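Enquirer: sharing a model prediction with you, sequence too.
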Amino acid sequence: MIITEQACLGLATLAVRKGQDAKLDALVRKSYGVALPSDSTMVQGKALSFIGYGPGQWLAVSRTLGAKALENEALAADLAMRLKALASIPDQSGGRAVLRISGPRARDLLAKGLAIDLDSRVFPPGSAVTSTISHLGVQVWQGSDPQAYDIAIFRSVPDSFWCWLTDSSAEYGYEVVAAT
Amino acid sequence: MSSGLLDGSKENQSQTNSAQHLEFCQQVLWPELDVQTVSVTEQWAQYAVAGPNARKVIEALLDPGQDISNEAFLYMAAGAFAVCGGANARLFRLSFSGELAYEIAVPAQYGDALIRAIVEADARRNLLPALCRSGRRASPCLSSLHAQRLMDWPRLAAMAMRMAPLA
């Protein structure tokens, strides 16, 4: 099991303004090359991903780490510049910690705390869910790697989550690896 | 599909309740308004700096060219500033102690650095009689600080307005 903090990610919530759904969708397609998901799934566009978590609400996550990545508040700034008055876009980069848990037993680990069926037949790559693990609110999604899950937790509770994560991972063995 | 904010954890119950109240206001009381609400409770780390030298401490944190003199940043003022070399900060001039006081907020990933900068500014000048710190121990890979709620701002503002204005 590999545990990696996705440090310095850009995170922002995107909430469509009243009656602007069609215009927002069109501008997102033009700016980021992807359609906003209408359900609880993740789509990967240029430089960032959008995860649907409520009607007209998405979590935007910068896609990769690297020199050209939109880190921290740069993501919200980029979204606000391109999408202007069509959505409300507060920066949330400081509000969540995002961990990537990967390995052949990652799903077994999550099954200990997440009451969501992560079988690939119902939770294929690109799936996302908002739920709780060990009473802590989480957002969980899967990118292209079917053995890796990204978990966003509120930044004020990572101690508690870390205790659950390391206790639950102990039987499989785990390694904490810095993001590259 | 349910809202992520409405499915919050028990430890984030206050945040969840606030989101539910605001969602009720939007859907039932004022459906005609073009207003979006989202919790930023976790996004900000916030400290109170209170005492007769509070302004000097805050000024030591501000990037050059920003004015928080009594005339420029009045009691009950709130504004966006750059601190510590480019970090975005929100500054509020309010007081619960009766002293000259501010609350300063930065994105939570800078919270640890900010309290260190406050302590350093104080150590250089010995300005504050005491420091009250609201923070959390860092876990092995995650630095974290409790991000104070800003949702109660209107209520706190109303309360503070009843207090005598400070110099």
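Expert: That came through fine.
Enquirer: number of residues surrounding residue 39?
Expert: Using chain A here. 8 (other C-beta atoms under 10 Å in any protein chain shown). C-beta coordinates here come from the backbone N, C-alpha and C atoms, glycine included.
Enquirer: my bad, the chain I had in mind was chain B
Expert: B:Ser39, neighbours per other C-beta under 10 Å, totals 24.
Enquirer: how is A:Leu165 assigned, secondary-structure-wise?
Expert: Following DSSP: H, G, I helix; E, B strand; the rest coil, A:Leu165 is assigned to helix.
Enquirer: may I have the beta-bridge partners of the spatially closest residue to it that is not a sequence neighbour?
Expert: Excluding its sequence neighbours, the residue lying closest to A:Leu165 (C-beta to C-beta, 6 or more residues apart in numbering or on different chains) is A:Ile3, at 6.9 Å. A:Ile3 has these beta-bridge partners by DSSP bridges: A:Ile101, A:Val176.
Enquirer: quick check: B:Asn88 vs A:Val140, distance?
Expert: 29 Å (C-beta to C-beta, to the nearest Å).
Enquirer: more neighbours: those two, which one.
Expert: A:Val140 (22 against 15).
Enquirer: mind telling me what element that one is part of?
Expert: strand A:136-141 (DSSP states H and E).
Enquirer: neighbouring strands - and their directions - for that strand?
Expert: Partners of strand A:136-141, by DSSP bridges, with direction: strand A:128-133 (antiparallel), strand A:148-154 (antiparallel).
Enquirer: in that strand, which residues are buried?
Expert: A:Leu136, A:Gly137, A:Val138, A:Gln139, A:Val140, A:Trp141 (16 or more other C-beta atoms under 10 Å in any protein chain shown).
Enquirer: which parts of chain A are helices?
Expert: When assigned using DSSP state H, the helices of chain A occupy the ranges A:21-32, A:73-83, A:106-111, A:158-169.
Enquirer: go on, chain B?
Expert: Secondary structure of chain B by DSSP H: the helices cover B:13-24, B:54-61, B:111-125, B:153-161.
Enquirer: ok, of these, where does mean pLDDT dip lowest?
Expert: Mean pLDDT per stretch puts helix B:153-161 lowest among the helices of chain B, at a mean of 43.
Enquirer: how much space separates A:Phe161 from A:Asp150?
Expert: Distance from A:Phe161 to A:Asp150, by C-beta to C-beta: 14 Å.
Enquirer: that'll do, ta.
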